[in-house]
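Asks: Could you work out the structure for the sequence below:
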Amino acid sequence: MRPLPCPLKHAVLALACLVLAPSVWSAALLRCEVTYAGSTQVFETGPVADPYPVPSRDMGGRFWFKPVMVGQGGRVDYVKLYAYLDTPKQPVLIHEAVHLPPFQTGATPYALTGTHHLYAGPVERELIYSCTLHGVQP
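Replies: From the prediction side, this is the model:
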């Protein structure tokens, strides 16, 4: 089989980008910056159909943070954010935030939460988080 001429290769590549672009770029993205003890972690998650298997993430052995965005593609049904205090027996829920549509749509990120400061534990340790939504479709 002969290779395609260069202009035809570019045309095929451009067509592939146009066909694949909506499925690749239309997915919404939840991006959370979470800080504990001066260390910041960035958590990014896409939409899921089932929120239960989404893992909580360890924050310095003191807290756990779980960002969940339920939806499909660019549609977001809801966002739930959970923060847990890690205790010797088990993690204890200290914060749950529920965000429901309508969400701001457009090309620029949407500041979903503002900055939250959570305090828990015997010496009131501080967990700070803020989340943005990207790529939400109407």
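Asks: contacts and neighbour counts: CA atoms only from here.
Replies: OK.
Asks: What count of nearby residues applies to the spatially closest residue to residue 128 that is not a sequence neighbour?
Replies: Leaving aside its chain neighbours, residue 128 sits nearest to residue 117 (4.6 Å; criterion: C-alpha to C-alpha, 6 or more residues apart in numbering). Per other C-alpha atoms under 10 Å, the neighbour tally for residue 117 reads 10.
Asks: got the contact list for the one helix or strand residue 117 maps to?
Replies: Element membership for residue 117, per DSSP states H and E: strand 116-120. Contacts with strand 116-120, where a contact means C-alpha atoms under 8 Å, 6 or more residues apart in numbering, come from 85, 94-95, 125-130.
Asks: where does the most centrally placed residue in the chain land in three-state SS?
Replies: When C-alpha atoms, centre = their mean is applied to the chain, the residue found nearest the centroid is residue 30 (2.6 Å). The three-state assignment at residue 30 reads strand, by DSSP: H, G, I helix; E, B strand; the rest coil.
Asks: from what I can see it touches residue 136, true?
Replies: No - judged on C-alpha atoms under 8 Å, residue 30 makes no contact with residue 136 at a distance of 9.6 Å.
Asks: Next, give phi and psi for residue 57.
Replies: phi -120, psi 140 (degrees, to the nearest 10).
Asks: Please tell me how far it sits from residue 64.
Replies: 5 Å (C-alpha to C-alpha, to the nearest Å).
Asks: Of those two, give the one with the bigger neighbour count.
Replies: Under the neighbour definition other C-alpha under 10 Å, residue 57 and residue 64 were set side by side, and residue 64 has more, 21 against 16.
Asks: just checking, residue 70 touches residue 78?
Replies: Yes - between residue 70 and residue 78 there is a contact under C-alpha under 8 Å: 5.5 Å.
Asks: Now stretch 105-112: buried residues?
Replies: For stretch 105-112, a neighbour-count test (16 or more other C-alpha atoms under 10 Å) marks 105, 109-110, 112 as buried.
Asks: quick one, longest strand in the chain?
Replies: strand 75-86 (DSSP state E).
Asks: Tell me the pLDDT of residue 30.
Replies: pLDDT recorded at residue 30 is 97.
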